[in-house]
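Colleague: Sequence first, predicted coordinates after that:
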Amino acid sequence: MSIGRTILLKMAKSPFLNRQATQRSFVKRATRRFMPGEAPEDALRAAQLLKAEGRGTVFTKLGENLTSLADADAVRDHYLGFLDQLAASGLDGHVSIKPTQLGLDLSFDQCQTHLFTLAAKSESIGKVFWIDMEDSSYVDRTLALYRAVKSRHPRVGVCLQAYLRRTTADLESLLSITPIIRLVKGAYAEPADVAFPVKADTDRAFFDLADRMLQAAAGGFCLPVLGTHDIHLIDRLVARAKAHGVTDKQFEIHMLYGIRDADQRRLRSDGHTVKTLISYGSAWYKWYMRRLAERPANVWFVVRSMMG
């Protein structure tokens with residue numbers, strides 16, 4: 001892991017820097033590269049523009065590691081209302097949520113109940129409900145939640161992180177339940193015995209895992225989602241999909257709002273299913289710092305502004 005990435009991920013955990021960043025208008029303006037605004041209406045308006053280009057969307061209200069079960073209840077209620085908005089919008093839109101935003105740090109059972117509620121609501125309006133992945137300490141609990149929710153609601157997806165050494169085994173264990181999986185590289189600071197510290201190893205793992213998912217997709221046992229902005233990697237995997245006899249409708253490509261927009265349009269025009277992940281909400285600091293850590297060489301001006 002590069003020094004710049006390490007520093008930025010440590011900064012993401014700082015309450016002091018969180019307060020400083022969220023009070024500075026310059027930093028707020030800088031976040032607009034990755035999110036159209038803090039209000040859900042901002043996200044929905046941006047999604048309408050993407051719809052005109054044939055792109056779908058996945059929405060997430062930013063926030064994690066809640067410390068109150070009442071706050072988790074409020075997040076559940078927010079998403080229930082947002083799903084009503086989504087149903088009325090006519091968008092090919094879906095939602096993704098972190099389990100700690102539904103109280104996983106406080107109560108596994110309550111978090112699971114909230115996930116059941118939201119998955120049922122999502123299913124009722126014909127949407128895929130996504131359970132996001134957090135750092136490695138949450139993987140076992142998140143996968144247990146995923147299995148439980150998917151046993152009741154088939155259109156539920158989960159995120160796996162290629163840089164974790166355990167992910168090959170996790171993927172194999174999930175294939176028996178015909179999973180929907182968004183594969184990403186991983187954006188949390190992890191020790192070397194847990195995650196690959198070298199980018200080339202993560203890239204290799206991503207390719208191998210995605211290729212395995214595409215093999216499963218050929219038999220109808222998985223819906224793979226390639227969650228990466230690495231265009232070279234995507235192009236290689238598109239070729240692998242063709243080699244496995246997997247059609248453009250049997251896998252998806254997901255990228256973040258504001259990143260590689262031209263490539264997203266090109267992939268869509270090539271016939272691929274492309275969805276753009278749009279985030280909103282005021283709790284953007286940790287998420288934003290992880291986005292910066294993905295390309296630290298380009299963001300030192302933002303860091304200096306936060307520190308100055």
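Modeller: Yes, it's here.

Colleague: can we go C-alpha only for contacts and neighbour counts from here?
Modeller: OK.

Colleague: At the geometric centre of this protein, which residue sits there?
Modeller: residue 132 (5.8 Å; C-alpha atoms, centre = their mean).

Colleague: That residue is in contact with residue 161, isn't it?
Modeller: No - using C-alpha atoms under 8 Å, residue 132 makes no contact with residue 161, being 10.2 Å away.

Colleague: Show me the longest strand that occurs in the chain.
Modeller: The longest strand of the chain (DSSP state E) is strand 273-280.

Colleague: residues in contact with that strand?
Modeller: 34-40, 42-43, 47, 55-62, 248-249, 251-257, 264, 267-268 (C-alpha atoms under 8 Å, 6 or more residues apart in numbering).

Colleague: and the residue nearest to residue 42 when sequence neighbours are not counted, how far is that from residue 280?
Modeller: In space, and not counting its chain neighbours, residue 42 is closest to residue 36: 5.9 Å by C-alpha to C-alpha, 6 or more residues apart in numbering. Distance from residue 36 to residue 280, counting by C-alpha to C-alpha, to the nearest Å: 7 Å.

Colleague: In this structure residue 87 contacts residue 124, no?
Modeller: No - the pair residue 87 / residue 124 is not scored as a contact, 9.7 Å apart, by C-alpha under 8 Å.

Colleague: circling back: looks to me like the residue nearest to residue 42 is in a strand.
Modeller: No - counting by DSSP: H, G, I helix; E, B strand; the rest coil, residue 36 is not part of a strand but coil.

Colleague: so what's it up against?
Modeller: Residue 36 neighbours (C-alpha under 8 Å, 6+ apart): 42, 43, 46, 278, 279, 280.

Colleague: top of those by neighbour count?
Modeller: residue 278 (28 neighbours; other C-alpha atoms under 10 Å).

Colleague: what sits against the closest residue to residue 205 other than its chain neighbours?
Modeller: Once flanking residues are discounted, residue 205 sits nearest to residue 162: 5.8 Å by C-alpha to C-alpha, 6+ apart. Going by C-alpha under 8 Å, 6+ apart, residue 162 touches 183, 184, 185, 186, 202, 203, 205, 206, 209.

Colleague: Okay, and which of the residues you listed map to helices?
Modeller: 202, 203, 205, 206, 209 (DSSP state H).

Colleague: so the third one makes contact with residue 166?
Modeller: No - counting by C-alpha under 8 Å, no contact exists between residue 205 and residue 166, whose distance comes to 10.8 Å.

Colleague: More neighbours: which of these two?
Modeller: Comparing residue 205 with residue 166 by other C-alpha under 10 Å, the one with more neighbours is residue 205, at 21 against 14.

Colleague: Among the ones in helices among the contacts of residue 162, which one has the most neighbours?
Modeller: Ranking the ones in helices among the contacts of residue 162 using other C-alpha under 10 Å puts residue 206 first, with 26 neighbours.

Colleague: that older thread, restricted to buried residues, select the contacts of strand 273-280 in ChimeraX.
Modeller: Buried residues within the contacts of strand 273-280, by 16 or more other C-alpha atoms under 10 Å, are selected in ChimeraX with:
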select :34,35,36,37,38,40,42,43,47,55,56,57,58,59,60,61,62,251,252,253,254,255,256,257,264,267,268
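
Colleague: Out of the helices and strands in the chain, which is least certain?
Modeller: helix 300-307 (a mean of 50; mean pLDDT, DSSP states H and E).

Colleague: Skipping adjacent residues, who's closest to residue 128 in space?
Modeller: residue 155 (5.0 Å).

Colleague: And the helices in the stretch 201-308 of the chain?
Modeller: Assigned by DSSP state H, counting those that start in this stretch, the stretch 201-308 of the chain shows helices spanning 231-243, 261-269, 285-294, 300-307.

Colleague: mean pLDDT lowest for which of those?
Modeller: Of all the helices of the stretch 201-308 of the chain, helix 300-307 carries the lowest average pLDDT, namely a mean of 50.

Colleague: hang on, the earlier thing: tell me the one of the contacts of residue 36 nearest residue 73?
Modeller: residue 280 (18.5 Å; C-alpha to C-alpha).

Colleague: mind checking how far that closest one is from residue 255?
Modeller: Counting by C-alpha to C-alpha, the gap from residue 280 to residue 255 is 15 Å.

Colleague: again, but for residue 71
Modeller: 29 Å.

Colleague: now swap in residue 118 and tell me
Modeller: Relative to residue 255, and taking C-alpha to C-alpha, residue 118 is found at 23 Å.
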